[in-house]
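>>> Sequence first, predicted model second:
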Amino acid sequence: MQSHRSATMTHAATLLASLAGGFALAFVACGGSSHNVATPDADAGGDAAADAGQCLPCVTDKDCSGGLCAQIGGDAFCVSACPSGNECGAGASCNQVVTVFGAQVSACIPASNCGPEEPAPDAGLPPSDICGSLYGPKEPAKCNSCGGMTCQPNGCYGGWWCNTATNKCQSPPTPPSCPGLDGGSGGGVATIDGGPVTGTVTTAGGTVNRLFFSVVGDTRPAVVDDTAGYPTAVIKGIYTDIESLVPSPSFVVSTGDYQFSTSYRTQAAAQLDLYVGARAMYSGPLFPTMGNHECTGATISNCGPGNTDGVTNNYTSYVTRLLTPISQTKPYYEIDVGSDDSTWSAKFLFVAANAWDADQATWLESAMAKTTTYTFLIRHESAHTNPGPPGVAASEAIMANHPYTLSIVGHTHSYSHYAGSREIIIGNGGAPITSSKNYGFGLLQQRTGDGAIVVDMLDAQTKLADPTFHFAVNADGTAATP
């Protein structure tokens, strides 16, 4: 999945000065993840046909009537096995996939790969990171110097570039030697436009001189109930990086999926405790959004008192570990941040699409009707997730009747933005990556002068900003000059 490519960033004060030296993380670019289910109760079985062409969502093999529940892209779907390689019908091919329990099997996969969830990126994108025979970290090439390190798509590691003339890795070219590049290593340096950030945001909101906050996406192990495989090092490193920024962001919002736990077993609390421990590397407040894995694991699931899937262990652990510390009793809530000179106001609305009910709909309508300069909606699933939970279409219908700045979502284990859209996807916080991009976190800041919101993605491996994910929007969500 390609992110929106934009103009080269303007350099002002360097944001990452305090990250000099940094650290190395182990990045695992393995298969996709399980999000959907054909029946609300993963333990109750189901009557889904194991026809790969139907792309029926699942959580376990029991949902697939003799088929397998396999990870395809960012979700899990019922597929049929093809041990001999010739069992697949028209429109599908026999490929190696990983099941939700971590087994590698041969299965019939439809040509569509059961997706995509998002629309195709806009055409007319500028050239990627290629400088003559030098190919950047994210460009496929045939270098092979990573050895025991995690390989980049170009066959190098640590941000080095591949010289396709010799198939050997080398340090990045400098922008003067390759016009159009921004800082080498496949990325540029994010900058602070407005200087220092003053004021305080607590769990109850606050006032600041300008908005400056981070976004952390999906964080969970690759295999269900694999607490030992929780990506602790990755998410701990991300929060350590956020804390090290100068200035430090006033707060962090997260886009859901902090666990991969069977809803009726006992691993949810243990996995969320690992997340809370890693999150403690950052000293500011964290405002989380509920994901489908905080319900049953099914994208279409709907938890909470009175809802179809009820109160699961996953739901209870999420409320206890992440919402109670910020004095929230419901999975949907509002945080208000205002300016210290009363010239602007902002509201952050956390929508629980997997805990949707009439009360939440009434709350969202009322909250969006309040006049503020900026409005940010944080929800787990994209507007394009299909099938999606009940709260996606319902909240989008309410959003369509009111002004807002940005919708910040996760679910897809990558990051992207499409020109003309007010939705950004940030889901690369430790869950198995579903693209060639690295783990990292979003950084959003209010620009002085015009008040536009500037959006960047900081790579946890290279410590640099991705120039293909640098853009700005006005308070009403319309495009602004980057």
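Great, that's in hand.
>>> contacts and neighbour counts: CA atoms only from here.
OK.
>>> mind listing what residue 255 touches?
Applying CA atoms under 8 Å, 6 or more residues apart in numbering, we find residue 255 in contact with 215-218, 288-291, 378-380, 408-411, 426-427.
>>> Give me the subset of those residues that lies in strands.
215-216, 288, 378, 408-409, 426 (DSSP state E).
>>> For the host helix or strand of residue 234, which residues meet the burial criterion?
Assigned by DSSP states H and E, residue 234 falls within helix 232-244. Of the residues in helix 232-244, 232, 234-244 count as buried by neighbour count, 16 or more other CA atoms under 10 Å.
>>> Show me what it is packed up against.
Contacts defined by 3 or more CA pairs under 8 Å, 6 or more residues apart in numbering; DSSP states H and E place helix 232-244 against helix 267-279.
>>> Would you mark the buried spots in the helix it packs on?
Neighbour-count burial for helix 267-279 flags 267-276, 278-279 (criterion: 16+ other CA under 10 Å).
>>> I'd like those written out as CSV, with distance to residue 62 and pLDDT added.
CSV is the format used below for these (distance: CA to CA, whole Å; pLDDT from 0 to 100):
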residue, distance to residue 62, pLDDT
267, 20, 96
268, 21, 97
269, 24, 97
270, 25, 98
271, 24, 98
272, 26, 98
273, 29, 98
274, 29, 98
275, 29, 98
276, 32, 98
278, 34, 97
279, 35, 97
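>>> just those residues now: which is nearest residue 198?
Using CA to CA, residue 279 is the member of the buried residues of helix 267-279 that lies nearest residue 198, at 22.5 Å.
>>> and the residue nearest to residue 302 when sequence neighbours are not counted, how many residues sit next to it?
The shortest distance from residue 302 to any non-neighbouring residue, by CA to CA, 6 or more residues apart in numbering, is to residue 354 (4.5 Å). For residue 354, the neighbour count with other CA atoms under 10 Å is 33.
>>> Tell me where the model's unsure across the stretch 51-200 of the chain.
For the stretch 51-200 of the chain, the stretches flagged by pLDDT under 70 are 51-54, 73-74, 115-129, 132, 145-150, 157-159, 171-194.
>>> Show me the strands in it, by range?
Taking DSSP state E, counting those that start in this stretch to define them, one finds strands in the stretch 51-200 of the chain at 68-72, 75-79, 92-99, 104-110, 130-131, 134-135, 161-163, 168-170, 191-192, 199-202.
>>> ok, back up a step: next helix or strand past the helix holding residue 234?
strand 251-254.
>>> Distance from that next one to the middle of the chain?
Offset of strand 251-254 from its chain centre (CA atoms, centre = their mean, to the nearest Å): 12 Å.
>>> cool, stretch 247-256 as well?
Using CA atoms, centre = their mean, the mean C-alpha position of stretch 247-256 is found 13 Å from that of the whole chain.
>>> do the same with stretch 83-94
32 Å.
>>> What residues sit buried inside it?
Under the neighbour-count criterion of 16+ other CA under 10 Å, stretch 83-94 has 88, 92-94 buried.
>>> And for stretch 279-298?
With burial defined by 16+ other CA under 10 Å, the residues of stretch 279-298 counted as buried are 279, 281-282, 284-298.
>>> quick check, distance from it to the centre of its chain.
When distances are taken as CA atoms, centre = their mean, stretch 279-298 is centred 12 Å away from the chain's centroid.
>>> Grab the CA positions of that stretch and hand them over as CSV.
Written as CSV, here are the backbone C-alpha positions of stretch 279-298 (Å, rounded to 0.1, in the frame of the first residue of the first chain):
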residue,chain,number,x,y,z
ARG,A,279,3.8,2.9,27.4
ALA,A,280,5.4,4.0,30.7
MET,A,281,8.5,5.1,28.7
TYR,A,282,6.5,8.2,27.8
SER,A,283,5.6,10.5,30.7
GLY,A,284,2.6,12.3,29.1
PRO,A,285,-1.0,11.1,28.9
LEU,A,286,-2.1,8.4,26.5
PHE,A,287,-5.6,8.5,25.1
PRO,A,288,-6.5,5.1,23.6
THR,A,289,-9.2,3.9,21.1
MET,A,290,-10.8,0.5,21.3
GLY,A,291,-10.0,-2.0,18.5
ASN,A,292,-11.7,-5.1,17.4
HIS,A,293,-9.2,-7.2,19.4
GLU,A,294,-10.5,-5.4,22.5
CYS,A,295,-13.9,-7.2,21.8
THR,A,296,-13.7,-10.7,20.4
GLY,A,297,-11.0,-10.2,17.7
ALA,A,298,-13.7,-10.1,15.0
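>>> Surely residue 474 touches residue 448?
No: using CA atoms under 8 Å, residue 474 makes no contact with residue 448, being 12.0 Å away.
>>> Between these two, which has more neighbouring residues?
More crowded of residue 474 and residue 448, by other CA under 10 Å: residue 474, with 21 against 14.
>>> ok, the spatially closest residue to the more buried one that is not a sequence neighbour - how many residues close by?
Once flanking residues are discounted, residue 474 sits nearest to residue 452: 4.6 Å by CA to CA, 6+ apart. Neighbour count of residue 452, defined by other CA under 10 Å: 24.
>>> same thing with residue 378?
Neighbour count for residue 378, taken as other CA under 10 Å: 28.
>>> residues contacting it?
Residues near residue 378 by CA under 8 Å, 6+ apart: 253-255, 289, 348-351, 407-409.
>>> The same query, at a cut-off of 10 Å, please.
Residues near residue 378 by CA atoms under 10 Å, 6 or more residues apart in numbering: 215, 253-256, 287-290, 332, 348-352, 406-410, 423-424.
>>> Pairing partners for it in the sheet, please.
Beta-bridge pairing of residue 378 under DSSP bridges involves residue 350, residue 408.
>>> Closest one of the buried residues of helix 232-244 to residue 388?
So of these, ranked by how close each gets to residue 388 (CA to CA), first place is residue 235, at 26.4 Å.
>>> thinking the closest one is in contact with residue 219, fair?
Yes: under the contact definition of CA atoms under 10 Å, residue 235 touches residue 219, with a separation of 7.1 Å.
>>> hey, what's in contact with both of those two?
Counting by CA under 10 Å, 6+ apart, the common neighbours of residue 235 and residue 219 are 275, 428-431.
>>> Redo these as a markdown table? Include distance to residue 204.
Shown next, in a markdown table, are those (distance: CA to CA, whole Å):
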| residue | distance to residue 204 |
| --- | --- |
| 275 | 22 |
| 428 | 27 |
| 429 | 25 |
| 430 | 28 |
| 431 | 29 |
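>>> and which of these is nearest residue 162?
The nearest one, if we look at these relative to residue 162 and count by CA to CA, is residue 428, at 24.4 Å.
>>> thought the closest one was touching residue 219?
Yes: using CA under 10 Å, residue 428 makes contact with residue 219 at a distance of 7.5 Å.
>>> Can you work out which residues contact both of the two?
With CA under 10 Å, 6+ apart as the test, residue 428 and residue 219 both reach 235, 255, 411, 413.
>>> what's residue 400 sitting at in phi/psi?
Main-chain dihedrals, residue 400, degrees, to the nearest 10: phi -60, psi -20.
>>> Strands of the stretch 351-482 of the chain, start to end?
Going by DSSP E, counting those that start in this stretch, the stretch 351-482 of the chain shows strands at 374-378, 406-409, 415-417, 423-426, 440-446, 453-459, 471-473, 479-480.
>>> Adding mean pLDDT and distance to residue 208, write those out as JSON lines.
Shown next, in JSON lines, are the strands of the stretch 351-482 of the chain (pLDDT from 0 to 100; distance: least, CA to CA, whole Å):
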{"stretch": "strand 374-378", "mean pLDDT": "98", "distance to residue 208": "14"}
{"stretch": "strand 406-409", "mean pLDDT": "98", "distance to residue 208": "20"}
{"stretch": "strand 415-417", "mean pLDDT": "93", "distance to residue 208": "27"}
{"stretch": "strand 423-426", "mean pLDDT": "97", "distance to residue 208": "24"}
{"stretch": "strand 440-446", "mean pLDDT": "96", "distance to residue 208": "11"}
{"stretch": "strand 453-459", "mean pLDDT": "94", "distance to residue 208": "15"}
{"stretch": "strand 471-473", "mean pLDDT": "94", "distance to residue 208": "20"}
{"stretch": "strand 479-480", "mean pLDDT": "93", "distance to residue 208": "22"}
